[in-house]
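Novice: Below: sequence and its predicted model.
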Amino acid sequence: MDKALIITLSNIGDLVMSTPLMEGISTLMPEKSIDVLGDARSSELLKNAPYISTIFNRDKKGKLGQQVNLFNRLRSQRYDLIVDLRTGFLPYLLHSQHKYIKRKGLGVGKHSVEESYSCIQGYGKFPEDIPNCKIYLSDDDIRKIQKLTKHLPSGKWLIIAPGANWPGKKWPAEKYGIIVRRALELKLFEAALIVGSIEDKAENLAIDFSNLPVLDLRGQTTLTQVAAVLSKADLFVGNDSGLGHIASGVGVRTITLFGPGSPQRYRPWGDKGEVIVGPRENLNNLQWQTVFKRLKSVSSK
């Protein structure tokens with residue numbers, strides 16, 4: 001069986017945005033399995049994809065011996081195709097008939113998905129229509145999430161993610177609290193969930209949810225489990241972070257809040273993703289009424 005190697009970027013969002021490339025390869029060449037070289041945490045999201053063969057993990061802080069062992073494992077493989085979205089040099093050191101490298105500076109004006117996808121369109125008859133991002137769920141993760149959410153009422157669910165990897169990307173958490181309470185009081189949704197890492201629990205929504213159908217799952221799920229949670233949502237609202245991309249990867253409508261950054265390049269991919277940019281690219285200037293108005297509009301679709 002022919003094999004391809006995809007060398008992915010390290011963070012969650014970039015990894016999810018590389019899945020259309022993998023979907024395209026799998027659709028065009030279903031006989032080809034795909035190996036992936038990526039970060040251990042983010043590449044967990046690929047473990048259930050039917051076309052994935054082996055996931056190689058690179059620890060940037062690993063010892064020299066670990067790096068050499070990983071390189072030797074890759075050198076022992078024979079690939080028909082290598083696509084490098086990250087290093088710019090590694091394919092030249094490995095065995096492959098075809099090698100494609102994402103060139104820096106060629107993505108001006110393009111979404112990151114378009115940039116990654118375009119670097120291989122010269123290989124075979126690649127379809128022009130770019131697939132959606134896609135994350136595959138396991139039955140175990142779905143069962144786990146069913147247990148965690150069994151006490152929530154059925155119906156439409158809102159999921160929020162108030163965390164991000166640095167303060168400039170965070171909309172004030174108390175404003176998230178306001179829109180959740182308003183959405184539940186007006187019966188726009190039957191339940192709301194909060195997702196994120198254990199560190200995100202520091203984001204205080206400043207609302208007493210004790211009498212509302214709200215479940216805080218921050219710090220309680222793996223990445224594949226949070227994908228399963230997000231797949232049950234009718235709408236995701238969150239900051240510019242990997243969770244919005246995971247939501248798009250399971251087909252959920254998203255509203256992503258941007259301060260500094262490049263929405264044109266890094267918004268969740270697809271026609272189900274909407275963006276709100278803070279005035280003067282500052283999320284502190286974004287009023288909760290603005291977000292809630294968009295939430296109401298999207299929830300009625």
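Specialist: All right, it came through fine.

Novice: ranges for the helices of the stretch 1-150 of the chain?
Specialist: Ranges of helices within the stretch 1-150 of the chain are 12-17, 19-28, 64-75, 112-118, 139-148, based on DSSP state H, counting those that start in this stretch.

Novice: How about the stretch 201-301 of the chain?
Specialist: 223-230, 242-249, 263-266, 288-299.

Novice: Return the most buried member of those.
Specialist: Highest mean neighbour count among the helices of the stretch 201-301 of the chain (mean count of other Cβ atoms under 10 Å): helix 242-249, with a mean of 29. Glycine gets a C-beta too; all of them are placed from N, C-alpha and C.

Novice: quick one: that one to chain centroid distance?
Specialist: 3 Å (Cα atoms, centre = their mean, to the nearest Å).

Novice: same question, stretch 43-50
Specialist: For stretch 43-50 - counting by Cα atoms, centre = their mean - the centre lies 12 Å from the chain centre.

Novice: Return, as residue ranges, the portions of this protein with sub-threshold pLDDT.
Specialist: Low-confidence segments of the chain (pLDDT under 70): 1, 104-108.

Novice: Could you export the helices of the stretch 201-301 of the chain as CSV, including distance to I145?
Specialist: Putting the helices of the stretch 201-301 of the chain into CSV (distance: least, Cβ to Cβ, whole Å) gives the following:
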stretch, distance to I145
helix 223-230, 4
helix 242-249, 13
helix 263-266, 27
helix 288-299, 22
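
Novice: picking up where we left off before, of the helices of the stretch 1-150 of the chain, which approaches N132 most closely?
Specialist: Ranking the helices of the stretch 1-150 of the chain by proximity to N132 (Cβ to Cβ) places helix 19-28 first, at 6.7 Å.

Novice: So which other helices or strands are in contact with that closest one?
Specialist: Helix 19-28 sits against strand 3-7, strand 33-38, strand 79-84, helix 112-118, with contacts defined as 3 or more Cβ pairs under 8 Å, 6 or more residues apart in numbering; DSSP states H and E.
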